[in-house]
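[1] Pasted the sequence and its predicted model underneath.
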Amino acid sequence: MTQLGTGIGVCFDKKLITSALVLLYSAIDITSWLASDKPNATVRECFVTWVEKYLLASKPLKCTALELYSARFGLVHTLTPDSQLVEQGKARLIAYAWGTAKSNDLSKLIDMTKLSDKAVAVQVEELWLGGLVCLRSARS
């Protein structure tokens, strides 16, 4: 987990945001599986439970745990924001802001275009800070 954390940090430093997100979502996958007390739980169940219990509790975001799972699925499997959950209207697309771009500005744009029921803005650095909990909990 320490190596994954270092890799995520290097990717952020090099502005390799997509790679950093793939590694971050993978770290959450691993940690959520390790933390699960249900041997037959699905990846989705583990991920959503862990994100609600740890990540969103420590770093509230404007998205839900299910929306993060949906974003993780699309990014890790197809390198796109698409997933069945989005297609079925069960999750909004996550639009990422990073660096000098701010999620609040992106949220305003989403609202102006009346897409707030279809998309939500997330600050990558906020997700990363919340993800640090992932590495801490894996060590304990």
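    Nice, I can see it. Being a predicted model, the structure only gives us computed values, none of them experimental.

[2] residues touching Gly7, list them.
    Leu23 (C-beta atoms under 8 Å, 6 or more residues apart in numbering). Yep, even glycine has a C-beta here, placed from its N, CA and C like the rest.

[3] what helix or strand is it on?
    helix 2-13 (DSSP states H and E).

[4] Roughly how far does the residue of the chain positioned farthest from its centre sit from Asp105?
    Counting by C-alpha atoms, centre = their mean, the extreme residue of the chain relative to its mean C-alpha position is Met112, 24.1 Å from that point. Distance check for Met112 against Asp105: by C-beta to C-beta, to the nearest Å, it reads 11 Å.

[5] Please apply the same query to Val76.
    Val76 is 27 Å from Asp105, by C-beta to C-beta.

[6] hmm, back to that, distance of the residue farthest from the centre of the chain from Ala119?
    12 Å.

[7] try Arg92
    5 Å.

[8] ok, these two, which is more surrounded?
    Arg92 (24 against 20; other C-beta atoms under 10 Å).

[9] per-residue confidence at the closest residue to that one other than its chain neighbours?
    Excluding its sequence neighbours, the residue lying closest to Arg92 (C-beta to C-beta, 6 or more residues apart in numbering) is Val120, at 4.6 Å. Listed pLDDT for Val120 reads 97.

[10] same thing with Leu135?
    61.

[11] So what's the residue count around Gly89?
    With other C-beta under 10 Å as criterion, Gly89 counts 9.

[12] which stretches of this protein form helices?
    2-13, 17-35, 43-50, 56-58, 65-78, 84-87, 103-112, 124-139 (DSSP state H).

[13] quick one: which of these has the weakest pLDDT on average?
    Mean pLDDT per stretch puts helix 124-139 lowest among the helices of the chain, at a mean of 73.

[14] Please consider this matter closed, and thank you.
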